[in-house]
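>>> Quick one: sequence plus predicted model below, questions after.
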There are 2 protein chains.
Amino acid sequence: MTAAPSASLPPLDPAAAEPYYRQIYDRVRGAIASGALKPGDRLPSARALMKELGLARGTIEAAYALLTAEGYIQARGQAGTVVSPELKPRAPQPVAPPPDPATAEPSFRPDTTLPFQMGLPALDVFPRKIWARLGARCIRAMQPADMAHPSVHGLQALRAEIAAYLHLSRGVDCSPSQVFVTTGYRHTLQLVGQALFKAGDRVWLENPGYPPTREVLQHLGVVAAPVPVDADGLVVDDGLRTAPRARGAIVTPAHQAPLCVSLSLPRRLALLDWASRNKAWIVEDDYDGEFRYVSRPLPALQSLDRHGRVLYAGTFSKLLFPSLRLAYLVVPPALVPRFEQIGQAFAGGSPQLTQAIVTAFITEGHFARHIQRMRRLYAERRAATVAGLESVLGRHLRIDPQPGGMHLILRLQHRRSDRKLAARLREAGLFAEALTDWSFERDGPSALMLAFTNVDSRRSAEGLAKRMLELL
Amino acid sequence: MTAAPSASLPPLDPAAAEPYYRQIYDRVRGAIASGALKPGDRLPSARALMKELGLARGTIEAAYALLTAEGYIQARGQAGTVVSPELKPRAPQPVAPPPDPATAEPSFRPDTTLPFQMGLPALDVFPRKIWARLGARCIRAMQPADMAHPSVHGLQALRAEIAAYLHLSRGVDCSPSQVFVTTGYRHTLQLVGQALFKAGDRVWLENPGYPPTREVLQHLGVVAAPVPVDADGLVVDDGLRTAPRARGAIVTPAHQAPLCVSLSLPRRLALLDWASRNKAWIVEDDYDGEFRYVSRPLPALQSLDRHGRVLYAGTFSKLLFPSLRLAYLVVPPALVPRFEQIGQAFAGGSPQLTQAIVTAFITEGHFARHIQRMRRLYAERRAATVAGLESVLGRHLRIDPQPGGMHLILRLQHRRSDRKLAARLREAGLFAEALTDWSFERDGPSALMLAFTNVDSRRSAEGLAKRMLELL
């Protein structure tokens, strides 16, 4: 048995995307597959290869470790490393098909971030240093017990912090056991669907409304019963007339998505009354209730619920950032057993580390400070963006006055198609969504929606507006 | 307007579970609610309160920030901080019901870790220092672009690493676009269910088999068609006879869960043949294919699939650790569009940070080294645990010989109930699962299942075995 000269391996490529250990791995495996290295053949020692290739010992060892792990080679102590004698060359595999051409992402799950991108908090001012410090501390503190399965419904400390926060800031009274941690609004809605609705059930949805709500429910076989929205929010009377027997309603009472109007108190009471008489479930999607600029935030609809009909859905995507994948659902006490059961089957998606960092961020007061700072900043950015857009585009559009929210609604003059214009803007690298895309009808009111959260000054807004002007 | 004396606030409790800022918050809010502080009243300055209470300025500021954020108080510059003049006392809320008594967690989602706990890798030897170093680096490197929505189907770099790893180690040929990142096996299975099965569809399940598979499919309305397992794995002929028209099969070919037998080559071919003729889908749950101790790991079933019928499900729970919540699914090329569509609605659950750390761990070779080290360690721990158990309990039970896996199967002499014994052991603080609980019949074979992955020596095993002996 002689050592296979390393010359039998094709040379490494310093410009390749794969790291060296992978290249070595591939080459040894290729040499075995092609017969250049046969079962029992000796491989060059790590030391020899290291010298010859001018690589770090760890690189070679990583490659050999992987090859050993997969059974291609065996360490034989003094006798060196050999190609596994029992190895039989595998039949050639069919060539994998080329990757699919990048399919165009629908607008509601963007892969890139453009100016005016909706659904994002102000990413430039997030306290990343504090976050990194807490994160490093949490990850260093990880003990074996933290590595086992985290509690299915969420870390107990986080559930307690969320309950305390909601009590203080949104008037939501709940115990930690009513809080279920999820990986985002879609996950929340999916749990609700699995727990409470069955295929064929009808559910009131706001029209216009947040498209992902429709999308998730549709996949679960739930039938949308669109209910219009006016200046006072969801027109409850319309729902009562068109779908009185619906099993539920998904609503955004604080700032309606997308029109940003608030659900009036009479409507709130009418909605709760309908739900309690009809044994329907209301999901309150309170995605940005904190961001109100004209007065103090409105208490959540949930705080008015006396009959246990409201499920409250919150998210850290807007308050912290979306790539955290962290949200939660608060259910009425009577539904806790049902959601514990559904949670056993479908929940448990958020890593322990994520939950630990967010818990520390809240406990140490950074969360409250950050929200306060963002509310002030968003009021400023909103005003600056409106001023910038109006100074350049004032003759072409009118911007809705809104009490809160994270985006603007631009009403177009001269009845143009918002969808065509949004597509043109996005081609040019500017984000916009068309109100028509959020409506159940194709002939609904036409408007553009743009987020102001990442527009850092009036000057920036003017610059962007000039680019828009060319595309109008 | 005079400053409210801080004496109007109830004293803070140093022994309370809530941090001081929360106590201050609660007390101010309580004082407002009770009328002790009225709209327009001035609050003590942060400096005054700081001195009086002996607290850090940041603590007071955090409380005031939260109170301001929620609209309870307002900063008035030189005039100090006042209770918001427009504030109207809220109606008293109904008292939240006491938390539900902790419902007993079913055995398959344990909250605590006992000796012999199944489903856990060796947590004591995980390279936590390396992990913490990579983690701290990834979190420090976080840029605004990393904070937006991560790609729905998984970070591109991670999908590429997974594809490369599977190619090398499991013979799975796939492009990164076929890899869908999920938050765990249950999430994976749920995507499969949503994408490929409809309520009422029948699917072959191994009997005995992993209970969560049954649980998730049941919630999706999929009907289980149990197929027995013998020494060669799933008895495919039995499935052909009893449920030839099933729409799919969920199988564990490498080491059957729980019996640890490998699916023989003739059976693999028969299964693939059935699937391709019947247009059925096979889900290969390869949860621990790497951990084989008698020879090199078997290539995945997927590598034999010539007709695009096999979906390959992998997880990092066993190779790294469960609280990571990271797993993946590899689908045949023709199913990529369907899973991209389902992924839009339901996926996107893993945080960017989690995926970045795992990508770095793989890219830098730690992953391959760790697997190799674990394979060696598990072979040792398996042998030590068998020796320890047999030396103490040899007369009472027989341990199945197994080629791989992460747990032992203890066959009980004298036909005793495995369920009662498992319950007794768990009451005494020792983990065990009953084979009967993994079977579709209540009168199936009786055996205990124990994991050896966290038993660090023969001596430990003997100590645990002595505790077991008292309970037999």
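Looks like it arrived, so ask away.
>>> Skip the chain neighbours and tell me the closest residue to A:L389.
Spatially, and ignoring its direct neighbours in sequence, A:L389 is nearest to A:A465 (4.9 Å; CB to CB, 6 or more residues apart in numbering or on different chains). For every residue, glycine as well, the C-beta is placed using N, CA and C.
>>> give me every residue that touches the one you found.
A:G388, A:L389, A:S391, A:V392, A:L393 (CB atoms under 8 Å, 6 or more residues apart in numbering or on different chains).
>>> Of those, grab the buried ones for ChimeraX.
For the buried members of the contacts of A:A465, the matching ChimeraX selection, counting by 16 or more other CB atoms under 10 Å in any protein chain shown, is:
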select /A:388,389,392,393
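>>> Looking at the contacts of A:A465, spot the one nearest chain B.
Within the contacts of A:A465, distances to chain B taken as CB to the nearest CB reach their minimum at A:G388, with 20.9 Å.
>>> Briefly note if stretch A:258-276 comes near chain B.
No. On the criterion CB under 8 Å from any CB of the partner chain, stretch A:258-276 is out of touch with chain B, staying 12.1 Å away.
>>> which parts of that stretch are buried?
By neighbour count on 16+ other CB under 10 Å, the buried set for stretch A:258-276 is A:258-264, A:267-268, A:270-272, A:274-276.
>>> That one: how far from the chain's middle?
Stretch A:258-276 has its C-alpha centroid displaced from the chain centroid by 27 Å (CA atoms, centre = their mean, to the nearest Å).
>>> Does the lengthiest strand in chain A reach chain B?
Using DSSP state E, we find that the single longest strand of chain A is strand A:223-230. No. Judged by CB under 8 Å from any CB, strand A:223-230 and chain B are separated, with a smallest distance of 14.3 Å.
>>> Same question for stretch A:42-49.
No. If you take CB under 8 Å from any CB as the test, stretch A:42-49 misses chain B, and the best it gets is 13.1 Å.
>>> And the average pLDDT for that stretch is what?
On average, the pLDDT along stretch A:42-49 is 73.
>>> Model confidence for whichever residue of the stretch 301-450 of chain A sits closest to chain B, exactly?
Closest approach between the stretch 301-450 of chain A and chain B, counting by CB to the nearest CB: A:G365, at 3.0 Å. On pLDDT, A:G365 comes in at 95.
>>> how many other residues sit next to it?
Neighbour count of A:G365, defined by other CB atoms under 10 Å in any protein chain shown: 21.
>>> Ok, A:P337 next?
For A:P337, using other CB under 10 Å, the count is 12.
>>> any idea whether it is helix, strand or coil?
helix (DSSP: H, G, I helix; E, B strand; the rest coil).
>>> what residues does the stretch 251-400 of chain A put near chain B?
Residues of the stretch 251-400 of chain A found near chain B (CB under 8 Å from any CB) are A:290, A:295-297, A:299, A:303, A:306, A:321-326, A:333, A:336-337, A:340, A:342, A:344-346, A:348-354, A:363-365, A:368-369, A:371-372, A:375.
>>> swap the cut-off to 7 Å and go again
Contacts of the stretch 251-400 of chain A with chain B, taken as CB under 7 Å from any CB of the partner chain, map to A:296-297, A:303, A:306, A:321-325, A:333, A:336-337, A:340, A:344-346, A:348-352, A:354, A:363, A:365, A:368-369, A:371-372, A:375.
>>> returning to that earlier point: who does the longest strand of chain A touch, helix- and strand-wise?
Where contact means 3 or more CB pairs under 7 Å, 6 or more residues apart in numbering or on different chains; DSSP states H and E, strand A:223-230 is packed against strand A:202-207, helix A:236-242.
>>> Pull the distance from that strand to the chain's centre.
25 Å.
>>> how about the helices of the stretch 351-472 of chain A, start to end?
A:352-363, A:366-393, A:418-427, A:458-471 (DSSP state H, counting those that start in this stretch).
>>> Mean neighbour count, these: which tops it?
Neighbour counts (mean count of other CB atoms under 10 Å in any protein chain shown) averaged over each of these peak at helix A:352-363, with a mean of 24.
>>> CA atoms of that helix as PDB?
The C-alpha trace of helix A:352-363 is given here as PDB (Å, rounded to 0.1, in the frame of the first residue of the first chain):
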ATOM      1  CA  GLN A 352     -34.100  30.100  22.900                       C
ATOM      2  CA  LEU A 353     -31.500  32.700  22.100                       C
ATOM      3  CA  THR A 354     -33.900  35.000  20.300                       C
ATOM      4  CA  GLN A 355     -36.300  34.900  23.200                       C
ATOM      5  CA  ALA A 356     -33.600  35.400  25.800                       C
ATOM      6  CA  ILE A 357     -32.200  38.500  24.000                       C
ATOM      7  CA  VAL A 358     -35.600  40.100  23.700                       C
ATOM      8  CA  THR A 359     -36.400  39.300  27.300                       C
ATOM      9  CA  ALA A 360     -33.200  41.000  28.400                       C
ATOM     10  CA  PHE A 361     -33.900  44.000  26.100                       C
ATOM     11  CA  ILE A 362     -37.300  44.400  27.700                       C
ATOM     12  CA  THR A 363     -36.200  43.700  31.300                       C
END
